[in-house]
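Asker: 3D model of this:
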Amino acid sequence: MTDKFWKVPIHGYPKPYDPWRDAGKCVFDEKIAARVCAYWEKTYTLKDGKWDGQPFVLQVWQRQMIGHIFGWKRPDGTRRFRVVFLYIPKKNGKTILGAGIGLTLLHADGENGAEIYSCASDTDQGKIVFDDAVNMVNNNKDLASRIRVYKGYKALQYIERKSYWKVLSSRAESKHGPNVHGLIVDELHTQRDNELVATLEAGTSARQQPLIIKMTTAGHAGESPCNQELEYARGVRDGGIKDPYYMPIIFDGQADDERDPKIWKDPKFWRLVNPSFGLTVGLDYFQREVQKCEVQPSHVEVVKRLHLNIQTDKAMQWLDQAAWKECGKDGVKMEGPALGGLDLSSTMDISAFSLYWPRTRSAVCWYWIPRGTVERRAEYTLWKEHNRVMVTQGDVIDYRFIRQTINLLRKKFEIRGIAYDPWNATHLMIELSEEDDLNMMEFRQGYASMNQPSKQFEAAVKGITLRHDNNPVTNWMAGNVAINTDPAGNIKPVKPSRNSLQKVDGVVAMVMAYGLSDAVETETDRSDVIITL
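Answerer: Predicted coordinates:
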């Protein structure tokens, strides 16, 4: 690389970062920068797909980032930058870049007893960076001879300098005491608070030249550790905050989206916000993702936030209300075998049971509320008067009444299976399964279980192929339900906020019942039955 290459600002969007502006007495060693990049491409390899096992040839923005991290020195000879914030959309190679940085700190940074840690909101997410590093070690004979891999312990050990790399869980209380030389935080936007990262940052105080890498795609709008970091990084990038030891690399589509809400559909915009566009993420992929939004409106949130770094409101209304209304116009046909979804509430709130008939794509919900709760909410009282909810005696839900109602329904319909969340399971599930001989099936309400049926359910509503009974309780919940997304773009239906008084139990129960369609055979026919409770 020429001297001119290193003198230009580090690539970013909508603004680059100029490391020369506030360098002070720090100096840039072009030879070290070039040497590190050359070693990187000679030693490290890529992972997955057509790139698996290929040399990690750095793209321009990656070469700038790596060269400036390791090329800048303070007057005492130690590394200039101590924190790097990489704000970049998915599929641009940030995780494997973090793996290479971690390995470099482990074995090529001249640090004895180096302690390298990677973490995220959970151990599985934190392990992704580590797995990429393990792949690099296994693909290089020299690294494999010097670095031991302990997959079971999620650890690497560089014996020559008594250094190691460990994957950490998300619990902060057990992280006091580490002497951190390198910290890689993946998907900072998933951190609920700053306790874990702050605890680990405090562990760098005894090191001469520690390095913290904070990598993330955009999070939801509002107060969060990620958004606080983003605001600080923007301030450093723009010159409003003077911090010569902090490197902000930001690819951010927020301002463009606020100026033009339709810009997320523009291929020119995709290329601007994604520095690896055309290599790790291509035009065809983006076109498919945008087309998916036509049948899954909730996918707009995924495209904007994860692929264009546009913050979205956490409580996004999920279901198209006009389409939902259309789905309720023709009534339901309760024909053939049915599948159930049971969403049990806390003892003082509303519980919901849904039946879904795959043959006619019809869904119906039944609701139970304890009498004490009904008396505290006007809408519950109205629904009770119109026989839209069933009221159990006392201040807490009577699960025996739920059991009796389900057994009444099974006399009317052929119920092939009932999905339930074991997290909130009670003795009721045992009774329904063992005593009443119902096929009770565990169906956790996490992303792994809820993602696919939620997307299929949403598409059925959008395409007006679902039929529901126009129950005002369910309609109310369909207007309340929001979605959450994880870093992989998986979705699940949720309340608008944790403490919201708006309920969504009926829709969740419907999605659970809908999700059994792929797991349970439902060919057997039964005559159409109308049920009144």
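Asker: CA atoms for contacts and neighbours, from now on please.
Answerer: Noted.
Asker: would you list every one of the strands in the stretch 1-150 of the chain?
Answerer: 27-28, 72-73, 83-87, 115-119, 147-150 (DSSP state E, counting those that start in this stretch).
Asker: quick one, what contacts Asp398?
Answerer: Each residue near Asp398 by Cα atoms under 8 Å, 6 or more residues apart in numbering is listed here: Pro370, Thr392.
Asker: where along the stretch 201-350 of the chain do the helices fall?
Answerer: Using DSSP state H, counting those that start in this stretch, the helices found in the stretch 201-350 of the chain span residues 225-238, 254-259, 267-273, 283-292, 299-302, 308, 321-327.
Asker: Turn these into a markdown table, including mean pLDDT.
Answerer: Listed next are the helices of the stretch 201-350 of the chain as a markdown table, based on pLDDT from 0 to 100:
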| stretch | mean pLDDT |
| --- | --- |
| helix 225-238 | 94 |
| helix 254-259 | 93 |
| helix 267-273 | 96 |
| helix 283-292 | 93 |
| helix 299-302 | 88 |
| helix 308 | 96 |
| helix 321-327 | 93 |
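Asker: So which of the ones you listed is nearest Val197?
Answerer: In terms of Cα to Cα, the element of the helices of the stretch 201-350 of the chain nearest to Val197 is helix 225-238, at 9.3 Å.
Asker: before we move on, the earlier item: hey, which of the helices of the stretch 201-350 of the chain is tucked in deepest?
Answerer: Of those, the one with the most neighbours on average (mean count of other Cα atoms under 10 Å) is helix 308, at a mean of 26.
Asker: Flag the helix or strand of the chain with the lowest per-element mean pLDDT.
Answerer: Of all helical and strand segments in the chain, the minimum by mean pLDDT, DSSP states H and E falls on strand 316-317, at a mean of 70.
Asker: Helices of the stretch 51-200 of the chain, start to end?
Answerer: 60-71, 94-107, 123-138, 141-146, 195-202.
Asker: Serialize those to CSV and add fields for mean pLDDT and mean neighbour count.
Answerer: Listed next are the helices of the stretch 51-200 of the chain as CSV, based on pLDDT from 0 to 100; neighbours: other Cα atoms under 10 Å:
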stretch, mean pLDDT, mean neighbour count
helix 60-71, 96, 21
helix 94-107, 96, 23
helix 123-138, 89, 22
helix 141-146, 95, 14
helix 195-202, 87, 18
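Asker: and Ile10, which of those is closest to it?
Answerer: Evaluated over the helices of the stretch 51-200 of the chain, closeness to Ile10 peaks at helix 60-71, with 6.0 Å, by Cα to Cα.
Asker: tell me the angle that closest one makes with strand 83-87.
Answerer: Relative orientation of helix 60-71 with respect to strand 83-87: 170 degrees, computed using axes from the mean of the first three to the mean of the last three Cα atoms, to 10 degrees.
Asker: Just the C-alphas of helix 60-71, formatted as CSV.
Answerer: Extracted in CSV, the C-alpha atoms of helix 60-71 (Å, rounded to 0.1, in the frame of the first residue of the first chain):
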residue,chain,number,x,y,z
VAL,A,60,-10.3,-1.9,1.2
TRP,A,61,-12.3,-0.8,4.3
GLN,A,62,-11.0,-3.9,6.2
ARG,A,63,-7.4,-3.1,5.3
GLN,A,64,-7.8,0.4,6.5
MET,A,65,-9.3,-0.7,9.8
ILE,A,66,-6.6,-3.3,10.5
GLY,A,67,-3.7,-1.2,9.3
HIS,A,68,-4.7,1.8,11.4
ILE,A,69,-5.4,-0.4,14.5
PHE,A,70,-1.9,-1.8,14.6
GLY,A,71,0.0,0.9,12.7
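Asker: Run through who's touching that helix.
Answerer: Helix 60-71 is contacted from outside by 6, 10-11, 28-34, 36-37, 79-81, 97, 275, using Cα under 8 Å, 6+ apart.
Asker: same deal with stretch 457-470?
Answerer: Under the criterion Cα under 8 Å, 6+ apart, residues 295-297, 319-320, 323-332, 360-364, 511, 514 lie in contact with stretch 457-470.
Asker: Any of those buried? List them.
Answerer: 295-297, 319-320, 323-328, 332, 361-364, 511, 514 (16 or more other Cα atoms under 10 Å).
Asker: Write the ChimeraX selection for whichever of the contacts of helix 60-71 are buried.
Answerer: To isolate the buried ones among the contacts of helix 60-71 in ChimeraX, judged by 16+ other Cα under 10 Å, type:
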select :6,10,11,28,30,33,34,36,37,79,80,81,97,275
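Asker: CA atoms of the helix or strand hosting Val461 as PDB?
Answerer: Secondary-structure assignment from DSSP states H and E places Val461 in helix 447-462. Provided in PDB are the C-alpha atoms of helix 447-462 (Å, rounded to 0.1, in the frame of the first residue of the first chain):
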ATOM      1  CA  TYR A 447     -37.100 -17.500  18.200                       C
ATOM      2  CA  ALA A 448     -36.200 -21.000  17.300                       C
ATOM      3  CA  SER A 449     -39.800 -22.300  17.600                       C
ATOM      4  CA  MET A 450     -41.700 -19.100  16.800                       C
ATOM      5  CA  ASN A 451     -39.800 -17.700  13.800                       C
ATOM      6  CA  GLN A 452     -41.000 -20.000  10.900                       C
ATOM      7  CA  PRO A 453     -44.700 -20.300  12.000                       C
ATOM      8  CA  SER A 454     -44.800 -16.500  12.700                       C
ATOM      9  CA  LYS A 455     -43.600 -15.700   9.200                       C
ATOM     10  CA  GLN A 456     -46.000 -18.200   7.600                       C
ATOM     11  CA  PHE A 457     -48.900 -16.800   9.700                       C
ATOM     12  CA  GLU A 458     -48.100 -13.300   8.700                       C
ATOM     13  CA  ALA A 459     -48.000 -14.300   5.100                       C
ATOM     14  CA  ALA A 460     -51.400 -16.000   5.400                       C
ATOM     15  CA  VAL A 461     -52.800 -12.800   6.900                       C
ATOM     16  CA  LYS A 462     -51.200 -10.600   4.300                       C
END
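Asker: next structured bit after that helix?
Answerer: That would be, after helix 447-462 and using DSSP H and E, strand 467-468.
Asker: Adjacent strands (with direction) for that following strand?
Answerer: strand 362-370 (parallel) (DSSP bridges).
Asker: Could you check how far Gly235 is from Asp437?
Answerer: The span separating Gly235 from Asp437 equals 63 Å under the rule Cα to Cα, to the nearest Å.
Asker: check contacts around Phe85.
Answerer: Ile213, Lys214, Met215, Ala233, Tyr246, Met247, Pro248, Ile249, Ile250.
Asker: got a pLDDT number for the last one?
Answerer: Ile250 is assigned a pLDDT of 98 by the prediction.
Asker: same thing with the first one?
Answerer: As summarised for this prediction, Ile213 has a pLDDT of 97.
Asker: domains in this protein, as residue ranges please.
Answerer: Domains of the chain are assigned by automatic domain parsing as 3-252, 256-314, 321-518.
Asker: Check those domains for me: which has the lowest mean pLDDT.
Answerer: Among the domains of the chain, domain 321-518 has the lowest mean pLDDT, at a mean of 88.
Asker: Quick one: distance of that one to the chain centre.
Answerer: Distance, stretch centre to chain centre, for domain 321-518: 24 Å (Cα atoms, centre = their mean, to the nearest Å).
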